[in-house]
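**Student:** Here's a sequence, model it:
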Amino acid sequence: MTGLKQQCSQLFKDIMEVGSKQDHDTHFIGSIVFIHDGVYTSNEVKPLVIIDGQQRLTTISLLYLALFKYAVDIKK
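**Tutor:** Numbering: from 1, shown residues only. Take a look at the predicted model:
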């Protein structure tokens, strides 16, 4: 298995393991560091600048999208 496929497989395995065990309800995927300008309020959306964690956010977003697409496809 290539490095990327192995890492994706390990991430998915970790997520499945966390979801299947009663006593194992967390998994640390690393930190995400961002900066923002000013105070956030409910009537205003300000952009965040991600300093560290872009790859983690992208990977998790793609995983969510793949799982959503799979769930939609199996309902057909």
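**Student:** How about the residue most central in space within the chain: what's its closest non-neighbour residue?
**Tutor:** What sits nearest the mean C-alpha location of the chain, by Cα atoms, centre = their mean, is residue 60, with 2.6 Å. Residue nearest to residue 60 in three dimensions, not counting chain neighbours: residue 29, with 7.3 Å by Cβ to Cβ, 6 or more residues apart in numbering. For every residue, glycine as well, the C-beta is placed using N, CA and C.
**Student:** Any figure for the gap between that neighbour and residue 54?
**Tutor:** From residue 29 across to residue 54, the span is 13 Å (Cβ to Cβ, to the nearest Å).
**Student:** So which elements touch the worst-scoring helix or strand of the chain on mean pLDDT?
**Tutor:** When each helix and strand of the chain is scored by mean pLDDT, DSSP states H and E, helix 3-20 comes last, with a mean of 81. Contacting helix 3-20 under the criterion 3 or more Cβ pairs under 8 Å, 6 or more residues apart in numbering; DSSP states H and E are the following elements: helix 54-75.
**Student:** again, only using 7 Å
**Tutor:** Under the contact definition 3 or more Cβ pairs under 7 Å, 6 or more residues apart in numbering; DSSP states H and E, helix 3-20 sits against no other helix or strand.
**Student:** And the contacts of the very next helix or strand once past that helix?
**Tutor:** Under the assignment DSSP states H and E, the closest C-terminal helix or strand after helix 3-20 is strand 33-35. Residues from elsewhere that reach strand 33-35 (Cβ atoms under 7 Å, 6 or more residues apart in numbering): 48, 49, 50, 51, 52, 53.
**Student:** Which residue comes closest to the third one once chain neighbours are left out?
**Tutor:** Right, the one you point to is residue 50. residue 34 (5.1 Å).
**Student:** How about the last one?
**Tutor:** In space, residue 53 comes closest to residue 32 once its chain neighbours are excluded; the distance is 3.3 Å by Cβ to Cβ, 6+ apart.
**Student:** who touches that neighbour in this structure?
**Tutor:** 50, 52, 53, 56, 57.
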